[in-house]
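Asker: got a predicted structure here, sequence first:
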Amino acid sequence: MKRALRLIRRRASSSIPVLLIVVALTFLLLEQASGDAVDAYLLSIGGGDAALTQSLRQAYGLDQSMWARLWLYLSSLAMLDLGWSVAFDRPVLDLILERLPNTLLLMGSATALSFGLGSALGILAGARPESFRDRLLSTGSLVLYAIPSFWLGLVLSIIFAVQLRWLPTSGIETIASGKTGLARAADIAAHLVLPVGALSLIYLALFLRVMRAGMAEIWPLDFVLFARAKGLSRARIVLRHVARNALLPLVTMLGLQSAAMLGGSVVIESIFAIPGFGRLAQEAVSGRDAPLLMGIILVSAVLVICVNLLTDILYAALDPRVGSSEAGT
């Protein structure tokens, strides 16, 4: 517990400058883009005169200088105010809190499935290197890893939703179904089967290959040879000695792939029409809604930092040297 608290304190203090840099760079990059939310709004309504354009720019603060707007945005962030969405005419924080749970549910389910099943299959492959089972699983993982997520999502949707009609084609739940409790949970689970499968299968292949490679490096080490000389069973050697040490790089890979999985959810949510974080980002880009896009990027950075913090805590639980090394620094 002390090591976990120490890690949380150190990561929290180092994450504040990271978030400030992300906000500043994102703001400056969006400033270089042509047009803004007022231009997109006027285009959607068929245009407007100069007086309407000027009044809208004044209402949303777009008539001020770039540095004045950056300072105003940073001041609002200090009060946990992410601004006002021009395209949706709603607070940015409300839109994010409305869509974020769907993305977290999709990402959490895909991460749990890919990490759990990928590590288990990696242990099966690495338990007997160069065996037929190892080659079969390694070849299958390579094929899965080479498949684009959008293509896999479309294929799964065509087969299981359109042709076989086993699963829903889109959405996070049946609209106006009136279901509650376990019935609603089952309905949401049925809607998540295809998007979670499409998002998790590629990362499952990655985790499998990393786990298998880690076990292959550990088998020739001295402590494994000593365990075999003691007469321990192969299953105990695999689970207690080889797999546990091979799990460390897999945990590191889990933290590194969190940002990639968040980006992959954008494509999956678009294919399966899930009202989540990814589709909200797509709508913000198409509407040139800079405040909304800034809020999405900021919250995404916070999510990645939180996932990496959890990864560090899990890594410290597996390797006691992590906490002890940071205690003296």
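Answerer: Cool, the structure landed.

Asker: any idea which helix or strand comes after the helix or strand hosting A183?
Answerer: A183 belongs to helix 181-218 when assigned by DSSP states H and E. Downstream of helix 181-218, the next assigned helix or strand under DSSP H and E is helix 222-229.

Asker: all helices for this protein, in order.
Answerer: 2-32, 37-44, 50-59, 66-78, 92-127, 132-145, 149-156, 181-218, 222-229, 234-236, 243-271, 277-286, 290-318, 321-327 (DSSP state H).

Asker: roughly how far does V242 sit from L221?
Answerer: Distance, V242 to L221, using Cβ to Cβ, to the nearest Å: 9 Å. (Glycine included, C-beta is placed from N, CA and C.)

Asker: of these two, who's got more company?
Answerer: Remark: of V242 and L221, V242 carries more neighbours, 24 against 13, as counted by other Cβ atoms under 10 Å.

Asker: just the pLDDT for the more buried one.
Answerer: Reading off the confidence values, V242 has pLDDT 85.

Asker: check W84 too.
Answerer: Per-residue pLDDT puts W84 at 81.

Asker: just for the stretch 51-200 of the chain, where's the confidence low?
Answerer: For the stretch 51-200 of the chain, applying pLDDT under 70 flags the ranges 52, 56, 59-63.

Asker: recalculate using a threshold of 90.
Answerer: Within the stretch 51-200 of the chain, the segments meeting pLDDT under 90 span 51-93, 98-100, 102-112, 114-116, 118-119, 122-135, 137-157, 160-191, 197-200.

Asker: now the closest residue to G118 other than its chain neighbours: how far from L105?
Answerer: Nearest residue to G118, sequence neighbours excluded (Cβ to Cβ, 6 or more residues apart in numbering): F207, at 3.0 Å. Going from F207 to L105 by Cβ to Cβ gives 20 Å.

Asker: and if you look at R240?
Answerer: Counting by Cβ to Cβ - R240 and L105 are separated by 34 Å.

Asker: for the two, indicate the residue with more neighbours.
Answerer: It is L105, of R240 and L105, that has more neighbours when counted by other Cβ under 10 Å, with 17 against 13.

Asker: this completes my enquiry, with thanks.
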